[in-house]
Structure formats: structure tokens, C-alpha cells
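Undergrad: Got a sequence here, can you build the structure:
(one chain, ligands or ions: 1)
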Amino acid sequence: MRILVAGGTGFIGAALCARLADADHQLAVLSRDVLRVREPALGVARLDDLAGQPPWDAVLNLAGEPIADKRWSTARRSRIRSSRIDLTEALGDWVRRLQVRPRVWVNASAVGYYGIAESDEPVTEAASGDDSFSSRLCRDWEQAALQAETLGIRTCALRLGIVLGPDGGALQRMLPAFRLGLGGRLGSGRQWMPWIHREDVLDIIERCLANPHLQGPINCTAPNPVTNREFTRTLGEVLRRPTPATLPAWAVRLLFGQMGEELLLSGRRVEPQRLRDTGYRFRFERLESALADLV
Ligand SMILES: NC(=O)c1ccc[n+]([C@@H]2O[C@H](COP(=O)([O-])OP(=O)(O)OC[C@H]3O[C@@H](n4cnc5c(N)ncnc54)[C@H](OP(=O)(O)O)[C@@H]3O)[C@@H](O)[C@H]2O)c1
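TA: You can find the predicted model right below:
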């Protein structure tokens, strides 16, 4: 297939491009810094640079300003939103102008879609969100992507959990403290942390490309979500390090503001219902085996 990837230089995107290139797909990566695009993908700085190219079979949209590494100032909130929603709309406008349109569009979104309610009830794709920043962000981002459906393009909105991989993402931020035996739970530790191994994310994206029956929202989370308390204990066990510390909720709020409240102290018990219905078999179903593979 000929595939255009936005965000193909990122933690998920770079691994995905390597996998797709190995499978002999032809790739172009839309990037603000084309020097970071790895061969054999073609790096493009602007969509107009693709003029004159043969038609594209698929669009994969994984771009977005990092959301979990700093406090959400007003300027940052605006960058987080525009790097996702404006870019998705720009991709949509480009696709609309094409004579031959892609058959499939796969868009990243996140389990933040389901909001921040404190609850142990399992959440499937049928659930709705709330008025939190992350829920509104995911809703608006998905709505922008799902416009492609009106052009007859099959569109998959991946609601990603915390993606675990060896060279980036949340795990890379947690490991230094845990390796020193300073890891610990956040707040009560009762908030859910729906997680997924990056290899499963790549498998699911390949499945979305190939399976004409997959479309709409798809929860990309392993079938056994854990609470923050269980995550902390398991990571400590896998590393054979104690996890005695607790960062109290007030300290998380003081350090990280609303970002801490929504992304660190809240989390829903998300279930991969749609993937289950389609018979997807996860490579990593349990957190212990995923972490053992990664650390
Ligand atoms: N990793 C996770 O655990 C996780 C969980 C849920 C949802 N997601 C979502 O999945 C997508 C991919 O995740 P990731 O972890 O691979 O993200 P990432 O490593 O932060 O990379 C995302 C890419 O987005 C582009 N980007 C960054 N800031 C941008 C900006 N201001 N304007 C336009 N483009 C910008 C960058 O590409 P260039 O520098 O090449 O332009 C970057 O390579 C993200 O949208 C993320 O929100 C990730």
C-alpha cells in the first residue's frame, strides 16, 4: 500500500513506519523536521509537496504535541488542541481535494475520551465523555477525523491507552525513579491505568489497514487494565525494586495542576470490546508479561 503517516517520527509512529517499511509498504511521513524521517520513507514538510505523486491508499494520523510532560498553561492547551485538531482538519481538506482518495484513515485518539469520573465500572466504546479538557480534546479530534467518513473513507479512531514501549512514552518517564527504588503510587492509587504494549498497537493498526470491517471508535487497551496501585506493584516486582513511596494527590496537583488531575490521578477502566468482538488476539494480555518483555 501507499501510506501517508503524520506523526511518523514519534514514539509510536517511528516503530510503525519501520514495521510497515519491512512489509514493503511505500511511505511518506508528514513532519515539521524532515531530517528526522527515516528512510525508506519519504519526508514531506507540507501536504502540497505531495502534488504529482501517485494516489495514496491510506492515511495514518498520529501527530500531536506531547500532552503529559508539562503543566497545561493556556498557551500549551492551545498547542495541544491545534496540533491535533487543526492538523487533522488540514489532512481532511487535502484528502477532499484529491481526485483519487485513500480507502482508509486511521486516527490516534486516547482513552481520555471517557473523562475523569471516579468509577470502577468497565467502559466500552459505547460510553460517552465529560467536560474535562482531555475528553473534549479527544471528542473534537475524533470528530475532525470522522469527517473522512462523509467522503466514503473508512475511518478508525483508535482510543489508545497508555502505550508501553522500550524507548519512550510513559514507561521511559517512570523507569528512572522505579529503578532507584523510589517508585510509588500516585494519590489513592485506585485510578485505572488502561495500558497496551506498543507491539499490539502496531498489530492493531495493520489490522485496521487490512480489515474492511473495522471502523469507528476502537479501544486500544489490553484486556486486563490495572489500577495505579497494581501498576506500581507490578513494575516494582518486575524490576525487583521496592515501591514504598506515595506521591499524595495534593502534591500531584501542586506539581502538575490540571494535567496531573486528569492524566495522573484519574483513569477509567477501559475494555477493548470492539477488538474482542472482532477476535483480535493480544500479544500481551497481562501487565507482568508486557513489562517483563520491555524492561
Ligand atoms: N504514547 C501514548 O501512550 C499515547 C496514549 C494515548 C494517545 N496517544 C496519542 O497518539 C499519538 C502518537 O503518540 P506518540 O506517543 O507516538 O507521540 P509523540 O512521540 O509525542 O509523537 C507525535 C508526533 O507528533 C508530531 N508533533 C509533535 N508536536 C507537534 C506540534 N506541535 N504540531 C504538529 N505535530 C507535532 C511530531 O512529529 P514531527 O516532529 O515529525 O512533526 C511527533 O513525532 C499522539 O497524538 C498521542 O496523543 C499516545
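
Undergrad: where does whichever residue of the stretch 1-150 of the chain sits closest to the ligand fall, phi/psi-wise?
TA: In the stretch 1-150 of the chain, the residue that lies nearest the ligand is Gly10 (2.2 Å; Cβ to the nearest ligand atom). Every C-beta, even on glycine, is put in place using the N, C-alpha and C of the backbone. The phi and psi values for Gly10, taken as degrees, to the nearest 10, are phi -90, psi -170.

Undergrad: How about Ala6?
TA: Torsion angles at Ala6 (phi, psi; degrees, to the nearest 10) stand at phi -100, psi 130.

Undergrad: returning to that earlier point: what's the burial count for the residue of the stretch 1-150 of the chain closest to the ligand?
TA: With neighbours defined by other Cβ atoms under 10 Å, the count for Gly10 comes to 21.

Undergrad: what sits against it?
TA: Counting by Cβ atoms under 8 Å, 6 or more residues apart in numbering, Gly10 touches Leu62, Ala63, Gly168.

Undergrad: and what of Leu182?
TA: By Cβ under 8 Å, 6+ apart, the residues touching Leu182 are Ala245.

Undergrad: repeat that with 10 Å
TA: Pro176, Arg241, Pro242, Thr243, Pro244, Ala245 (Cβ atoms under 10 Å, 6 or more residues apart in numbering).

Undergrad: what's the answer for Val100, then?
TA: Counting by Cβ under 10 Å, 6+ apart, Val100 makes contact with Pro54, Pro55, Trp56, Asp57.

Undergrad: repeat for Cys208
TA: For Cys208, the contact set (Cβ under 10 Å, 6+ apart) comprises 58, 60, 104-107, 154-156, 158, 214-215, 218, 220.

Undergrad: so when I look at it, I'm seeing a strand, right?
TA: No: the assignment for Cys208 by DSSP: H, G, I helix; E, B strand; the rest coil gives helix, which leaves it out of any strand.

Undergrad: Backbone dihedrals for the closest residue in space to it that isn't next to it in sequence, please?
TA: Closest residue to Cys208 apart from its sequence neighbours, by Cβ to Cβ, 6 or more residues apart in numbering: Cys156 at 4.3 Å. Dihedral pair for Cys156: phi -110, psi 130, per degrees, to the nearest 10.

Undergrad: what's the pLDDT at Cys156?
TA: Looking at Cys156, its pLDDT reads 98.

Undergrad: quick one: it from the ligand, how far?
TA: Using Cβ to the nearest ligand atom, to the nearest Å, we find Cys156 at a distance of 13 Å from the ligand.

Undergrad: correct me, but that residue touches Arg207?
TA: Yes: assessed by Cβ atoms under 10 Å, Cys156 is found in contact with Arg207 at 9.2 Å.

Undergrad: tell me, what's touching the two both at once?
TA: Counting by Cβ under 10 Å, 6+ apart, the contacts common to Cys156 and Arg207 are Val106, Leu214, Ile218.

Undergrad: Just the buried subset of those residues, please.
TA: Among those, those buried by neighbour count (16 or more other Cβ atoms under 10 Å) are Val106, Leu214, Ile218.

Undergrad: out of those residues, who's nearest Cys138?
TA: Set against Cys138, the nearest of those by Cβ to Cβ is Ile218 (13.0 Å).

Undergrad: now for the host helix or strand of that closest one, which elements pack on it?
TA: If you go by DSSP states H and E, Ile218 is part of strand 216-220. If you count contacts as 3 or more Cβ pairs under 10 Å, 6 or more residues apart in numbering; DSSP states H and E, strand 216-220 packs onto strand 104-110, helix 133-146, strand 154-160, helix 198-210, helix 273-277.

Undergrad: Convert the C-alpha atoms of the longest one to PDB, please.
TA: Taking Å, rounded to 0.1, in the frame of the first residue of the first chain, the C-alpha atoms of helix 133-146 are listed here in PDB:
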ATOM      1  CA  PHE A 133     -10.100  19.100  28.800                       C
ATOM      2  CA  SER A 134      -8.900  15.700  27.700                       C
ATOM      3  CA  SER A 135     -12.400  14.400  27.000                       C
ATOM      4  CA  ARG A 136     -13.300  17.400  24.900                       C
ATOM      5  CA  LEU A 137      -9.900  17.200  23.100                       C
ATOM      6  CA  CYS A 138     -10.400  13.600  22.100                       C
ATOM      7  CA  ARG A 139     -14.000  14.200  21.100                       C
ATOM      8  CA  ASP A 140     -13.200  17.100  18.800                       C
ATOM      9  CA  TRP A 141     -10.100  15.300  17.400                       C
ATOM     10  CA  GLU A 142     -12.200  12.200  16.500                       C
ATOM     11  CA  GLN A 143     -15.000  14.300  15.100                       C
ATOM     12  CA  ALA A 144     -12.500  16.100  12.800                       C
ATOM     13  CA  ALA A 145     -11.100  12.700  11.700                       C
ATOM     14  CA  LEU A 146     -14.500  11.100  11.200                       C
END
